[in-house]
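Novice: Sequence and computational prediction follow.
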Amino acid sequence: MKRWFVVSASVLTAVALVAAGCGSSSKKSTSTQSTSGGAKGGTLTTVANGAPSGSPDPQVNYTLQEWQLLVTSHDGLVGFKRASGAAGTKIVPDLAQAIPKPTNGGKTWTFTLRPGIKFSDGKTLTGADVKATFERIFKIGDSPNAGSWYNVIQGADACLKTPKSCDLSQGIKVNGDKVTFNLTTGDPEWLDKLAVPFAFILPAGTPATNVNIPPPGTGPYKWAEYAPSKQIKLVRNTFFKQWSADAQPAGKPDVIVQKFGLSPEAQVTAVENNQADWMFDQPPADRLGELSTKYADRVHINPLTAIWYFAFNTRIPPFNNLKARQAVNFATDRNALVKLYGGPKLAVPTCQILPPNFPGYVPYCPYTKNPGSGKWTGPDLAKAKQLVADSGTKGASVKVNTTTNTVDKGLGLYFVGLLNSLGYKASLQALSPAIQYPYAQNSKNNPQFAYSSWYQDYPAASDFLNILLGCGSFHPNSNASPNIAEFCDKGIQAQMDHAGQVGITDPDSSNKIWAQVDHQVTDQAPWVAMFNPKYIDVLSDRVKGYQFSPQWYFLLAQASVS
């Protein structure tokens with residue numbers, strides 16, 4: 001799952017219950033492009049059921065809800081371009097003047113800070129703030145990715161052992177406006193990791209404890225209030241002067257507010273009546289009909305860089321047999337699965353691992369009638385039944401593992417019926433959402449065929465292919481083993497490793513290799529890839545300049561409400 005997209009389990013269930021409610025939406029209501037622009041000023045009022053889960057600390061919080069706001073108030077050395085569509089996956093210089101070319105085999109990165117940038121408390125940004133920020137990631141102790149994302153910095157291993165005395169003097173060198181990172185190995189995802197809020201630069205001297213409100217940042221807004229039972233309020237940072245429209249636009253509203261305590265039903269009503277400008281939570285199924293008819297020009301449906309799938313256990317019968325896995329793929333009616341999720345307005349069938357509009361994506365679908373277009377067109381039951389017969393696995397017992405959520409359970413029941421029709425003896429194992437994902441990851445439970453979904457951390461092919469299907473992502477007898485398929489192909493892994501090395505200096509060439517890896521993994525059928533989901537935004541009629549970023553979703557600060 002997208003580890004910071006914590007609303008996915010409950011929110012997307014509501015989306016999935018939709019029949020054809022949004023089917024009548026007009027073209028403009030499903031566009032990812034911005035609507036007409038607007039002037040600066042006013043208050044953008046957003047509503048949500050509750051405050052972001054966990055600490056509001058930028059180096060601890062791992063939720064879309066807070067990250068959408070943090071990107072307006074804080075910056076990293078680099079950032080994702082504030083744009084809709086594929087352009088929003090591009091890394092651009094932010095606090096740094098330019099994106100440097102790494103040296104020393106990708107282990108040394110020297111950034112030059114832009115001059116004169118101030119925090120919202122008036123202090124000028126310096127290299128010391130950069131070094132202190134990364135030491136704080138380890139000192140704070142609760143940062144969820146210190147050990148996996150930033151331990152590549154020289155000295156980080158010692159920081160993991162004794163966080164309070166963390167010293168990255170060898171790993172981060174400061175010389176005037178130049179900041180040099182010395183890594184223990186080349187990391188092709190290093191720029192992506194610098195562009196997420198964990199690495200947003202905070203003032204040196206920020207306490208290494210969870211804060212009650214995000215510390216001063218360098219963005220166009222500053223946090224004026226964080227009251228978990230009431231609201232979040234951001235106001236203009238009077239010290240901000242735009243240095244890059246690509247990295248950090250000045251922002252249009254004077255104030256951004258997110259009010260808590262409204263149910264999704266109440267949120268829809270508030271937005272429809274223009275008492276709020278946008279709702280964070282997804283609209284309930286029973287409201288989508290009216291939204292698609294009465295408010296179609298205020299509804300936007302956007303594709304997500306995400307995938308829903310069922311993973312085969314490739315190490316135990318019957319799906320340690322490639323032909324058996326391929327058979328289920330050929331037999332699967334992906335249109336039926338999309339219908340269970342909510343219909344073609346809310347999801348698109350897929351056969352492969354990487355989602356569309358993503359680095360390394362080249363359309364590919366071998367598991368369909370008349371393959372060749374790269375798209376899924378329909379199941380091939382004759383091919384599937386022949387493969388089952390050839391595999392010698394007919395009659396095997398299969399437990400289909402999923403959650404008790406309505407949609408997830410419906411998907412599981414579909415596969416129980418499909419497997420039985422192919423000659424297997426299938427049954428359903430539905431677990432609560434809090435239990436199912438750890439259970440499916442743990443090899444000692446021997447899950448044979450298990451539901452899961454994944455939403456990007458950042459736009460890198462490895463975030464899907466290596467994290468979910470790399471040899472190193474299978475951890476036996478662990479609840480934290482994202483490679484649910486227990487898949488390991490040493491030849492493909494070598495290709496992944498090669499793509500990573502190439503990506504340090506040549507991302508374009510690397511993505512061509514990742515495209516090959518994606519197709520090779522798909523041929524090995526460790527999953528039944530089902531579909532790529534979409535996301536619904538509902539706006540008041542005051543909002544102009546709507547844009548949807550594949551990384552940050554609705555770009556709040558770039559919308560006009562005046």
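Specialist: Arrived safely, thanks for sending. Because the structure is predicted, anything quoted here is derived from the model rather than measured.

Novice: ok, Pro253 touching Gly41?
Specialist: Yes - the pair Pro253 and Gly41 passes the contact test of CB atoms under 8 Å, sitting 7.2 Å apart. Heads up, the C-betas are built off the backbone N, CA and C, glycines and all.

Novice: Name the residues contacting each of these two.
Specialist: Taking CB atoms under 8 Å, 6 or more residues apart in numbering as the contact definition, Pro253 and Gly41 share the neighbouring residues Ser562.

Novice: neighbours around Pro355, how many?
Specialist: Residues lying near Pro355 (other CB atoms under 10 Å) number 24.

Novice: Where do the strands of the stretch 451-562 of the chain begin and end?
Specialist: Counting by DSSP state E, counting those that start in this stretch, the stretch 451-562 of the chain forms strands over residues 527-538, 548-549, 553-554, given from the N-terminal end onward.

Novice: Measure how far the last one is from the centre of its chain, please.
Specialist: Meaning strand 553-554. Offset of strand 553-554 from its chain centre (CA atoms, centre = their mean, to the nearest Å): 12 Å.

Novice: now swap in the second one and tell me
Specialist: Taking CA atoms, centre = their mean, the mean C-alpha location of strand 548-549 is offset from the chain mean by 12 Å.

Novice: Adjacent strands (with direction) for it?
Specialist: With DSSP bridges as the criterion, the sheet partners recorded for strand 548-549 are strand 553-554 (antiparallel).

Novice: Provide a list of residues in contact with the nearest residue to Tyr361 once chain neighbours are set aside.
Specialist: Leaving aside its chain neighbours, Tyr361 sits nearest to Leu354 (4.5 Å; criterion: CB to CB, 6 or more residues apart in numbering). For Leu354, the contacting residues are Gly360, Tyr361, Ala461, Phe464, Leu465, Trp514, Ala515, Asp518, taking CB under 8 Å, 6+ apart as the criterion.

Novice: what's the distance between the third one and Val348?
Specialist: This points to Ala461. 19 Å (CB to CB, to the nearest Å).

Novice: measure Trp149 to Ile307 for me?
Specialist: Taken as CB to CB, the spacing of Trp149 relative to Ile307 amounts to 22 Å.

Novice: right, I mislabeled it, should have said Gly127
Specialist: Here the distance between Gly127 and Ile307 works out to 40 Å (CB to CB).

Novice: ok, Ala461 and Val348, which is more surrounded?
Specialist: More crowded of Ala461 and Val348, by other CB under 10 Å: Ala461, with 27 against 17.

Novice: which residues touch the more buried one?
Specialist: Residues touching Ala461, when contacts are defined by CB under 8 Å, 6+ apart, comprise Leu354, Phe358, Pro359, Gly360, Tyr361, Ala499, Asn511, Trp514, Ala515, Val517, Asp518.

Novice: For the residue nearest to Ala440 when sequence neighbours are not counted, list each beta-bridge partner.
Specialist: Computed as CB to CB, 6+ apart, the closest residue to Ala440 that is not its neighbour in sequence is Ala450, at 3.8 Å. For Ala450, the beta-bridge partners are Ala311, Asn401 (DSSP bridges).

Novice: on that earlier part again, of Pro253 and Gly41, who's got more company?
Specialist: Between Pro253 and Gly41, counting by other CB under 10 Å, Pro253 is the more crowded of the two (28 against 12).

Novice: how close does the more buried one sit to Pro197?
Specialist: Pro253 sits 20 Å away from Pro197 when distances are taken as CB to CB.

Novice: One more: Ser143?
Specialist: Ser143 sits 11 Å away from Pro197 when distances are taken as CB to CB.

Novice: Need the overlap of contacts for those two.
Specialist: Common neighbours of Ser143 and Pro197, using CB under 8 Å, 6+ apart, are Gln59.

Novice: if we can go back for a sec, can you check which of the strands of the stretch 451-562 of the chain gets nearest to Val338?
Specialist: Taking CB to CB as the measure, these were each checked against Val338, and strand 527-538 came out nearest at 5.2 Å.

Novice: Pull the distance from the closest one to the chain's centre.
Specialist: Counting by CA atoms, centre = their mean, strand 527-538 is centred 12 Å from the centre of its parent chain.

Novice: Just want the angle from it to strand 449-455.
Specialist: 40 degrees (axes from the mean of the first three to the mean of the last three CA atoms, to 10 degrees).

Novice: Where does pLDDT dip in this protein?
Specialist: 1-37 (pLDDT under 70).

Novice: Assumed Ile426 was part of a strand.
Specialist: Check again: residue 426 is Ala, not Ile. Yes - according to DSSP: H, G, I helix; E, B strand; the rest coil, Ala426 belongs to a strand.

Novice: That one and Tyr414 touch, don't they?
Specialist: No - Ala426 sits out of contact with Tyr414 when judged by CB under 8 Å, with a separation of 10.7 Å.

Novice: ok, these two, which is more surrounded?
Specialist: For Ala426 against Tyr414, the residue with the higher neighbour count under other CB under 10 Å is Ala426, and the figures read 22 against 19.

Novice: All set now, cheers.
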